[in-house]
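Trainee: quick one: sequence and predicted model below, then my questions.
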Amino acid sequence: MRTLIITLISLLVVGASAQTTFEEVAATPEKSGGVYYAYPLDFAPQTPAPKGYKPVYISHYGRHGSRYLLNDRDYKWVIELLQQAADVQVLSSLGHSALERLQEVWKEAEFHGDELAPLGERQHRGIAERMFASFPEVFKGDARVFARSTTSMRCRNSMDAFVDRLRELNPRLQIRHETKRVYMSYLNYHSPEHMSFNDGPWKELYRKFQAEHTHPERMMEALFTDPTWVRWNVNPDELMWGFYWIASDMQDMECDISFYDIFTPQELFDLWQCFNFRFYAADADWTDNHGLALRSCHPLLRNILECADAALDPNNVDRVVADLRFGHDGNVIPLCALLGLDGCTASTSDPNDFYKVWSDFKVSPMGANIQLIFYRRKGSDDVLVKFLHNEHETSIPVVTDCLPYYHWNDVRAYWLSLLQ
């Protein structure tokens, strides 16, 4: 009973850290970028395993690293609009500054829409290096590793960066890494029901929420000197959002430029709430999506279970020591909720409360990853598993007597019950 009480208290304490406030986002405006938030490097020391237990297997799912905006046009149209204003001399001094910065950004961004940024490669090399250093017993000798990615090039490049670093650290590793459409059936699966829901009536609720939280009037006055020209030539909402996407992605690029001076902290917080709404409603455990997002993740959970069973089978001569999977935020988010990772499972209905219980930048920043580290003690059949979310130890809703470690049989039974 005492162990159970300690476990529950720990869950409550960790859960409190999932809450987000205006003050937190204002203090670190990069967080207002949501899933564009560059992978944070604020790691805490890991809890030593119980005596005698050694890591033997790692199951992983990682989102691609930092990327550019999805299309070159996302930069170009904002530049062209401000250039038009400059040509007729209706840009303010702030508007001219913004245009000069955009032109500098364009030198890097042109032809790179949708691509992995250099920072994204460095992120995955770093994750691989820390994994190798934290669990050297797993990657010793000529151990087998199986990596696969979705067909997206930025996911493939993320995987390549990851496995290249592992090879550098141990050239003897036998690493099989593949990008094939067949893996899309679990690495990036969305059921027809889930996809239909995401094109359904909730979009009107989102449209109203976005309208209530988008206030571009002050920004237009700050960027332009002629309200009449703005009235005839600018869609203020679209321009504000255009700057939001660019400002959010600057942290993922190489050039050291910021656009946060164009926004007030409240404007950034309001726009982020809209972005957070979209991911929570579409991919997390929003009450009103009735579990559709989580059920879309069932094939991925089955793959995790099947691979773990194969890797932990002492009679399997072809066992691998690590299964590495590379995909997208739309897969990491529901997987975190389905696994029950702390801070990722909140279910609420009111859009005004979404940010209070769930934050996209905490669940799936660029380079987000989930790691299951399996431990075995010599002479024992008991297997323990520890969960890392973005390389931080985390908890799941399963009773344990050795937090943050769990008995694999208990976790496996819990997940099988979810799949039923």
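Mentor: That came through, no problem. Numbering: from 1, shown residues only.
Trainee: which regions of the stretch 1-150 of the chain lie under the pLDDT threshold?
Mentor: Judged by pLDDT under 70, the stretch 1-150 of the chain has its weakly predicted residues at 1-18.
Trainee: can you show me the CA trace of stretch 78-95 as PDB?
Mentor: The C-alpha coordinates for stretch 78-95 follow below in PDB (Å, rounded to 0.1, in the frame of the first residue of the first chain):
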ATOM      1  CA  VAL A  78       4.700  37.600 -47.100                       C
ATOM      2  CA  ILE A  79       7.800  39.000 -48.700                       C
ATOM      3  CA  GLU A  80       6.000  40.000 -51.800                       C
ATOM      4  CA  LEU A  81       3.200  41.700 -49.900                       C
ATOM      5  CA  LEU A  82       5.600  43.800 -47.800                       C
ATOM      6  CA  GLN A  83       7.600  44.600 -51.000                       C
ATOM      7  CA  GLN A  84       4.400  46.000 -52.600                       C
ATOM      8  CA  ALA A  85       3.900  48.200 -49.600                       C
ATOM      9  CA  ALA A  86       7.500  49.400 -49.700                       C
ATOM     10  CA  ASP A  87       7.100  50.200 -53.400                       C
ATOM     11  CA  VAL A  88       4.300  52.600 -52.700                       C
ATOM     12  CA  GLN A  89       5.900  53.900 -49.500                       C
ATOM     13  CA  VAL A  90       3.300  52.800 -47.000                       C
ATOM     14  CA  LEU A  91       5.700  50.600 -44.800                       C
ATOM     15  CA  SER A  92       6.500  51.800 -41.300                       C
ATOM     16  CA  SER A  93      10.100  51.700 -40.000                       C
ATOM     17  CA  LEU A  94       9.100  48.300 -38.300                       C
ATOM     18  CA  GLY A  95       7.700  47.200 -41.600                       C
END
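Trainee: quick check: buried residues in it?
Mentor: Residues of stretch 78-95 classed as buried by neighbour count (16 or more other C-beta atoms under 10 Å): 78, 79, 81, 82, 85, 90, 91, 95. For every residue, glycine as well, the C-beta is placed using N, CA and C.
Trainee: bridged to the closest residue to the fifth one other than its chain neighbours, which residues?
Mentor: Leaving aside its chain neighbours, residue 85 sits nearest to residue 91 (4.7 Å; criterion: C-beta to C-beta, 6 or more residues apart in numbering). Residue 91 has the following beta-bridge partners by DSSP bridges: residue 224.
Trainee: show me the buried residues of stretch 78-95 that map onto strands.
Mentor: Within the buried residues of stretch 78-95, no residue falls in strands by DSSP state E.
Trainee: quick one: which of those is nearest residue 52?
Mentor: Residue 52 has its nearest neighbour among the buried residues of stretch 78-95 in residue 78, at 59.1 Å by C-beta to C-beta.
Trainee: was I right about that closest one contacting residue 102?
Mentor: Yes - between residue 78 and residue 102 there is a contact at 6.3 Å, judged by C-beta atoms under 8 Å.
Trainee: need the residues touching each of the two.
Mentor: residue 246 (C-beta atoms under 8 Å, 6 or more residues apart in numbering).
Trainee: shouldn't residue 139 be in contact with residue 132?
Mentor: Yes - using C-beta under 8 Å, residue 139 is in contact with residue 132, at 5.3 Å.
Trainee: those two: who's more crowded?
Mentor: residue 139 (21 against 18; other C-beta atoms under 10 Å).
Trainee: check which helix or strand residue 230 maps to.
Mentor: Assigned by DSSP states H and E, residue 230 belongs to helix 227-233.
Trainee: right, and the helix or strand after that helix?
Mentor: Following helix 227-233 in sequence, per DSSP H and E, is helix 236-249.
Trainee: quick one on the thing from earlier: what is in contact with residue 139 and residue 132 at once?
Mentor: With C-beta under 8 Å, 6+ apart, residue 139 and residue 132 have common neighbours 166, 169, 170.
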